[in-house]
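Visitor: what follows is a predicted structure for the sequence shown.
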Amino acid sequence: MANFSRRDFLKNSAFLTGAAWLSSSVFGCSSAVTAAKNNGAIEFLHGVASGDPLTDSLILWTKVTPAQQPDAVQLLLEVSDTADFSRVQHQELCLARKEADYCCKVDLTGLQPGRSYYYRFSDSNKVSAVGHAKTLPAGAVSQVRFAVLSCSNYPAGYFHVYQQVAQQQLDAVLHLGDYIYEYEQGGYATERSVELGRALAADNQAEMVSLQDYRKRYALYRSDKDLQQAHASHSFICVWDDHEITNDAWTDGAENHQPNEGDYQVRKLNALQAYYEWMPIRPLVSGKQQSGQQQSLSRSFTFGDLVDLHMLDTRIEGRNLQLDYKHYTDEKTGAFDTQRFTADLTHPNRTLLGPKQQQWLQAQLMRSKAQYQVLGQQVLMAKMMFPSELLSAFSKPGPELVAHIAELSALKQRADQGDHSLSSKDKQRLESVIAYNLDAWDGYPYERELIYKTAQQQNKQLVVLAGDTHNAWASTLHDQQGHKVGIELATPSVSSPGIETYLKLNTAQVEHLADVLPQLIKELDYCNLHQRGYLLVAFSKTQVDAQWYFVDDITKKQYQTRLGHQQSYTASELSALTLASDNTI
Ligand SMILES: [Fe+2]
């Protein structure tokens, strides 16, 4: 297929104005409905979910599995402010349509701010699990608590992290992407899946490409009781990363998309259609908007006067192809073309968000009145700059690499302490740095700087949340001139393997690496490089508290959880200390 523009994508996507999409109001429905009637039997095998809370509305979701294949299944949605449904505030009939994989999604409006609601779906024979959802608070808000998650890989291990998150008191769960993985049975992170009883479904063992492939993968993941429990307990606010489509996706391609897998744009639409069917996310274009009006996955959530949460799409909407060091390295001589690389890397047109989303974010930051500006997004924003001599060393992972990094860290520590005995060669070793991951914001520095500058100019307290790496990180963000502009808190994976696997390190080695790395990387304050878990972030008027929780084993049903690290930041610490003084980037 020729160039498939975003406009085409929106125009051609049935799910945007979707038949399964229903908007209804608590205030607008007064007639009593007794039961939904269907000819054949149905089952609720995939739980319930809520998401995209606003002060007056919630997305409520379920999926039914009918014995036959009717065009639609009729369901009764009931909403109550009590868990036992002793007082039903709203009921309505809704449809789970075949064309939407029998997913049913209702945007319930007319709700009260900062309130808990319970909901369930049923027909005359079956009733779903009960879900709990929460609307956004309004006005003066004293605290907001999020659990932050990413990278949940079903074949890699048990979803203990979801079970833990289900038990927390939260305002919302933020899932920053890699909610599913596209790989085939036998592919990435499936090594122990058969032994764990978590192999891919028998009819879905190949890499996902078609709409049915993606739908079946969501169905497998959502059969997990821990994931069902997390969804039933909290409202989720989600963004996709690459694996909801395929590895290292960008606007017009992906590392893990080959020509024999068909047209990439068709595959992307398949992936996004299944995403919108299965995730409790508000459709891109609602019935209330003018037809054809474009919306992005990016959207903001206002938690009263305390937090504005801006969810971004750094993957699909506008991302330019990732740069690759090997394209700047002479095959014969090994010489690196620094000048060409730097020119490409820092080009003003180089974008991760795309101009439209970037302008939208800047406008949101400028007009926001909330104390904290929180970016919920996929990839690390902190500068993860390593001495360039490590570039070739990374291709030979193992304990020697850790020793090499430890040596450089010790050297850096001496330099930071003003040790004048450092040789000029050693200084050179430390000063010649390169970005470790060009798929992250380090590969798109111009746009990162624009965001920093906007936050600084507005004197906004910037807190960036990230996933993607499978490991835990905390960093202090600085602009090009070295001014502090905010913090980044990154969540470990739910179950995807981390750096310990890539670098082939045992626990002692990887813990040593986590100890020395913050000495070497200027912006890095903390990291955990080998454990699965989640991040809890609590915002109050006076401070931000971050807690990283880890589970000790995702390959055993019995496990333990521990608080691995906590870090607090005072509100004044987070204030942008210096307004940007010049416009050079
Ligand atoms: Fe991931």
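Guide: Received it, and whenever you're ready, just let me know what you need.
Visitor: tell me the bridge partners for H132.
Guide: Y118 (DSSP bridges).
Visitor: and the strands in the stretch 301-450 of the chain?
Guide: Using DSSP state E, counting those that start in this stretch, the strands of the stretch 301-450 of the chain run over residues 307-311, 372-376, 385-387, 433-435.
Visitor: which of the ones you listed sits most buried?
Guide: Mean neighbour count (mean count of other CB atoms under 10 Å) peaks for strand 372-376 among the strands of the stretch 301-450 of the chain, with a mean of 25. Using the backbone N, CA and C atoms, a C-beta is placed for each residue, glycine as well.
Visitor: quick check: chain neighbours aside, which residue is closest to L323?
Guide: Leaving aside its sequence neighbours, L323 sits nearest to L438 (CB to CB, 6 or more residues apart in numbering; 4.9 Å).
Visitor: so how far is L408 from the residue most central in space within the chain?
Guide: In the chain, the C-alpha nearest the mean C-alpha coordinate belongs to L176, at 0.9 Å (CA atoms, centre = their mean). With distances taken as CB to CB, to the nearest Å, L176 is found 30 Å from L408.
Visitor: contacts only, for the most far-flung residue of the chain relative to its centre.
Guide: For the chain, the largest distance from the centre (CA atoms, centre = their mean) belongs to S421, which lies 45.3 Å off. S421 sits next to R414 when contact means CB atoms under 8 Å, 6 or more residues apart in numbering.
Visitor: could you do the one 5 residues further on as well?
Guide: The contact partners of D426, by CB under 8 Å, 6+ apart, come to 411, 415.
Visitor: tell me the pLDDT of it.
Guide: You'll see D426 listed with a pLDDT of 94.
Visitor: and what of A393?
Guide: pLDDT at A393 comes out at 83.
Visitor: same question for S31.
Guide: 52.
Visitor: thinking R562 is in contact with D553, fair?
Guide: No. Counting by CB atoms under 8 Å, R562 does not reach D553; the two are 11.8 Å apart.
Visitor: excluding chain neighbours, what is closest to G131?
Guide: Excluding its sequence neighbours, the residue lying closest to G131 (CB to CB, 6+ apart) is V48, at 4.0 Å.
Visitor: state the distance from the one you found to S122.
Guide: For V48, the distance to S122 - CB to CB - is 11 Å.
Visitor: between these two, what contacts are shared?
Guide: S128.
Visitor: who's the closest residue in space to Y526 that isn't next to it in sequence bridged to?
Guide: Leaving out its chain neighbours, the residue that sits closest to Y526 by CB to CB, 6+ apart is A474, at 4.2 Å. As for beta bridges, A474 partners with L489, Y526 under DSSP bridges.
Visitor: residue contacts, A474?
Guide: Residues near A474 by CB under 8 Å, 6+ apart: 487-490, 524-527, 546, 565, 567.
Visitor: state the distance from it to W548.
Guide: 8 Å.
Visitor: got the contact list for N125?
Guide: Taking CB under 8 Å, 6+ apart as the contact definition, N125 lies against 38, 41-42.
Visitor: are any of these buried, and which?
Guide: 38, 42 (16 or more other CB atoms under 10 Å).
Visitor: near the ion, which residues of this structure are found?
Guide: 151, 178, 496 (CB under 5 Å from the ion).
Visitor: circling back: could the contacts of N125 go into JSON lines alongside secondary structure and pLDDT?
Guide: Formatted as JSON lines, these follow (DSSP: H, G, I helix; E, B strand; the rest coil; pLDDT from 0 to 100):
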{"residue": "N38", "secondary structure": "coil", "pLDDT": "90"}
{"residue": "A41", "secondary structure": "coil", "pLDDT": "95"}
{"residue": "I42", "secondary structure": "strand", "pLDDT": "97"}
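Visitor: which residue ranges of the stretch 301-450 of the chain form helices?
Guide: 338-345, 355-367, 390-393, 399-416, 424-431, 445-457 (DSSP state H, counting those that start in this stretch).
Visitor: can you check the chain too?
Guide: Per DSSP state H, the chain carries helices over the ranges 6-12, 160-166, 211-221, 225-233, 264-278, 338-345, 355-367, 390-393, 399-416, 424-431, 445-457, 499-502, 507-520, 571-574.
Visitor: pick the most buried one from those.
Guide: Of the helices of the chain, helix 160-166 is the most buried (mean count of other CB under 10 Å), at a mean of 23.
Visitor: what's next to it, contact-wise?
Guide: 147, 149, 152, 173, 224, 226-227, 229-230, 232-234, 494-495, 532-534, 549, 551, 554, 559, 561.
Visitor: where does the stretch 301-450 of the chain get nearest to the ion, residue-wise?
Guide: When scored by CB to the ion, the stretch 301-450 of the chain has Q378 as its residue closest to the ion, at 9.1 Å.
Visitor: residue contacts, that residue?
Guide: Applying CB under 8 Å, 6+ apart, the residues near Q378 are 150, 176-177, 239, 241-242, 312, 314-315, 466-468.
Visitor: please repeat the previous calculation with a cut-off of 7 Å.
Guide: Taking CB atoms under 7 Å, 6 or more residues apart in numbering, we find Q378 in contact with 176-177, 239, 241, 314-315, 466-468.
Visitor: that older thread, looking at the residues of the chain next to the ion, which has the most residues close by?
Guide: The most crowded member of the residues of the chain next to the ion, judged by other CB atoms under 10 Å, is C151 (30 neighbours).
Visitor: any low-confidence regions in the stretch 51-200 of the chain?
Guide: Scanning the stretch 51-200 of the chain for pLDDT under 70 picks out nothing.
Visitor: for I180, give its distance to the ion.
Guide: 10 Å (CB to the ion, to the nearest Å).
Visitor: I'd guessed that residue sits against Y221; true?
Guide: Yes. At 5.4 Å, I180 counts as touching Y221 under the criterion of CB atoms under 7 Å.
Visitor: how about M366: what's its closest non-neighbour residue?
Guide: Q458 (5.7 Å).
Visitor: so R532 makes contact with T491?
Guide: No. At 10.3 Å, R532 does not count as touching T491 under the criterion of CB under 7 Å.
Visitor: from Q428, how far out is the residue nearest to G139 when sequence neighbours are not counted?
Guide: Excluding the flanking residues, the one nearest G139 by CB to CB, 6+ apart is G304, at 5.3 Å. Using CB to CB, we find G304 at a distance of 51 Å from Q428.
Visitor: Y444 too?
Guide: Taking CB to CB as the measure, Y444 and Q428 are separated by 27 Å.
Visitor: also F336?
Guide: Counting by CB to CB, the gap from F336 to Q428 is 15 Å.
Visitor: quick one: the residues of the chain next to the ion as CSV, columns for distance to P280 too.
Guide: Below are those laid out as CSV (distance: CB to CB, whole Å):
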residue, distance to P280
C151, 19
D178, 17
S496, 22
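Visitor: what's the closest of those residues to L365?
Guide: D178 (26.2 Å; CB to CB).
Visitor: which ones are touching the closest one?
Guide: Residues near D178 by CB under 7 Å, 6+ apart: 150-152, 241, 243, 467, 496.
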